[in-house]
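In: coords please:
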Amino acid sequence: HEKCAPLIHQDFTTCETNYFNLFSSLISNFFPESDDWKTNEALWKKIGLFCSVWAVFSSVNKEDQVRVDDFLRILGIDVPVYGTVFDYFIDFESGAWEHWNTRTKEWLYDPKEASSQIFIESKDYVKFAYFMKLLTKQCTNVLLVGPRGCGKSSIVKHYLKTVDTKKNHVLSIQICNNTKPNDIFGPLQKYMEKKTRNEMQPIGGKNLILYLDDLNLNESSPLSEPLRFFKENSTWIHSKELKSFDKVTLIGTECLDHSTKPSFPTRSRKSFQYFYVDDMGEKEMKEMYATIVKGKFWDFEVDIKFLTQSIVRGSINTFNAIVSHFKAKKEPPTISNTFFTADIKKVICGVLRSHKDCHDTKFEVVQLWVYEVFRTFRDRMTDSQSETEVIDIVRRETKKAFNMDFDSVCEDEENFEPPFFGNILDTYGFYTDLDDDELAEYFPNKLDEYNSSGNFAEIDIIFNHKVIQNTVRILRVISEPGGHIILSGESGNCRQSMVRLAAFIYNMKLSILDNNDIAVLDSWKRILRNVVRIAGIENTPYLLYVVPGSRNCDTFLRVLTTLVAHGMDPMLLEGNEVKIIEKKNSSSDKTEEGLDRITKNLFKNLHLVFAMDLSNPDVNRI
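Out: Residues are numbered from 1 along each chain as shown. Coordinates of the predicted model:
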């Protein structure tokens, strides 16, 4: 352990506790009514080794895992021949080591699935899902730690979709800098009912999994000690009395890397069984995205299928080049120079909107790729110099990936832009390149329809080239399930009018929350409850236009973040609404009812447009 560099250093007591948590979970799960394992020496040695390596070395990276495996081999301990001991689990039917890859499921492309919701079950997912399922059955808390963008949240979210909702409630809360203990335990109590005079249990006698995303468990965090107290005592204040809470398990994620790793484990982290999620390697990333693109292109022309590796390699290399370029400039982090690996997925998801009948040549696919790269990276630049630098990087990477001249792809040679893409002009709603002349005619006609409908206050828009481009950009994002966009820049640039027209074009309900609404809790809560009703219950597309600018918006932003990230925030449900919905759900034979259906519909139907005036100091603070 001294020769490794674990993300969280452990004392002996913590290692011992982690060991027995794992050991008891394995025995309880696989030998609930049998002592056969006691007489099988080879099996209990494997169990002991499995529990030991994951109890002591759960927060080391892949390089240190190799060192641990080498050390075990030097000691003569029986470990699997190939890979490392960390790559295996125990198959209790055969008593042999099994590779995690044997549990991965083959992924098949589903055209009905939203691109943003695509998830391929990797070896890491299978591994951490195994531990989450194993430990939460015994009400042991689980914490996934790792650097930002390594996929911690995606792993937990996908795992929670597999949880049996007939036996478990799932409550997800997005943790922000201003989250207080009552922001966690308040919603939690809405899922509880009285069991005895001093005991509370989840509604209907189920178990409850409380997922806390993006925790900060440093000693200075206001959540650190309350969470430790709750874990150790299973008690909290309910109706001004100290009550015992039964059958509640916590799953958390925390952003930690070797530059921010704690020098010692805090008491609150000891309340969790923690596991390190390492960054996905470039090889793994290429394989994952290649699988997705290959699935999309399976019925395309042969020439298009051959572009799979070029698209994936070009997307990853472009991302790496842009990140390296702006990191070398050593400028303070801003909205325009901060990038995440999820940006690669945005480019890939844009390419997945292609159709075999509309994109049947290499030239058309490369045009679409460049367009999606520009929308992902170029559009966030706030000055012309940075924009030019991004264009130059994309020019080089286009040549490398596709052996094509970048300038030939750009129809707008003056501004270095390929044609714009969208689904508003195609008869069948396909995502195709948009003709400028047709757009110049389409938008004024739609504006006339909007003003003559009699349902809205009239708006006036002059459709110059810039306004048309910005409107198409908004439509591109909100046309995808769960599409959200930030419009930065100074106010007075026709943003609200463009958003109103975009919502009308896609027949979306629209609500506008300005600075005055956000500052008043009752006002924004009423609007967000209306969002839940229309988008979640009535299953209707909804566009929420938010104009922040107040210092008194922390609570609103926290609730909105949970709503967008997890589909529901219980704070928006009042009184016994959670109990009423869940009791109704328990009496239904449908697999997706109640809060699960509301959450799924919110993910699909809610679209958030943030209008941010970056010259406003309050907005910059946000």
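In: going by C-alpha atoms from here, please, whenever you check contacts or count neighbours.
Out: Noted.
In: any idea how far Lys600 is from Ala535?
Out: 10 Å (Cα to Cα, to the nearest Å).
In: neighbour count winner among the two?
Out: Ala535 (26 against 19; other Cα atoms under 10 Å).
In: and the more buried one, how close does it get to Arg526?
Out: For Ala535 relative to Arg526 (Cα to Cα), the value is 14 Å.
In: what do you get for Ala342?
Out: Distance of Ala342 to Arg526, given as Cα to Cα: 32 Å.
In: how about the secondary structure of the residue lying closest to Glu438 once chain neighbours are set aside?
Out: Excluding its sequence neighbours, the residue lying closest to Glu438 (Cα to Cα, 6 or more residues apart in numbering) is Leu425, at 8.0 Å. Here Leu425 is coil, with the state taken from DSSP: H, G, I helix; E, B strand; the rest coil.
In: burial of Leu425, as a residue count?
Out: 17.
In: could you pull up phi and psi at it?
Out: Phi and psi for Leu425, reported as degrees, to the nearest 10, are phi -100, psi -20.
In: quick check: pLDDT value at Gly314.
Out: Predicted confidence (pLDDT) for Gly314: 96.
In: can I assume it is in contact with Arg396?
Out: No. Between Gly314 and Arg396 there is no contact under Cα atoms under 8 Å: 10.1 Å.
In: and the two? Which one has more around it.
Out: Gly314 (23 against 16).
In: separation between the more buried one and Glu387?
Out: 19 Å.
In: could you do Thr338 as well?
Out: 14 Å.
In: do the same with Glu301
Out: From Glu301 to Glu387 the distance is 34 Å (Cα to Cα).
In: swap in Ser58?
Out: 43 Å.
In: those two: who's more crowded?
Out: Ser58 (23 against 16).
In: tell me, please, the helix or strand in the protein that averages the lowest pLDDT.
Out: helix 617-621 (a mean of 57; mean pLDDT, DSSP states H and E).
In: would you put the C-alpha positions of stretch 15-26 in PDB?
Out: The C-alpha coordinates for stretch 15-26 follow below in PDB (Å, rounded to 0.1, in the frame of the first residue of the first chain):
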ATOM      1  CA  CYS A  15      -9.600  -1.300   5.500                       C
ATOM      2  CA  GLU A  16     -11.000  -3.700   8.000                       C
ATOM      3  CA  THR A  17     -14.400  -2.300   7.900                       C
ATOM      4  CA  ASN A  18     -14.400  -2.300   4.100                       C
ATOM      5  CA  TYR A  19     -13.300  -5.900   4.100                       C
ATOM      6  CA  PHE A  20     -16.100  -7.100   6.300                       C
ATOM      7  CA  ASN A  21     -18.700  -5.000   4.500                       C
ATOM      8  CA  LEU A  22     -17.700  -6.800   1.300                       C
ATOM      9  CA  PHE A  23     -17.300 -10.300   2.900                       C
ATOM     10  CA  SER A  24     -20.700 -10.200   4.600                       C
ATOM     11  CA  SER A  25     -22.400  -8.800   1.500                       C
ATOM     12  CA  LEU A  26     -21.000 -11.700  -0.600                       C
END
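In: what is the neighbour count of Pro32?
Out: 10.
In: that should have said Ser384, apologies.
Out: Neighbours of Ser384 under the rule other Cα under 10 Å: 10.
In: Asn29 versus that one, what's the distance?
Out: Counting by Cα to Cα - Ser384 and Asn29 are separated by 60 Å.
In: please identify the helix or strand for the residue most central in space within the chain.
Out: Central residue of the chain (Cα atoms, centre = their mean): Ser154, 5.0 Å from the mean position. Using DSSP states H and E, Ser154 sits within helix 152-161.
In: give me the contacts around that helix.
Out: With Cα atoms under 8 Å, 6 or more residues apart in numbering as the test, helix 152-161 has contacts from 119, 125, 128-129, 144-146, 170, 213, 253, 277.
In: and the next helix-or-strand element following that helix, average pLDDT?
Out: Downstream of helix 152-161, the first helix or strand assigned by DSSP H and E is strand 168-174. For strand 168-174, mean pLDDT is 92.
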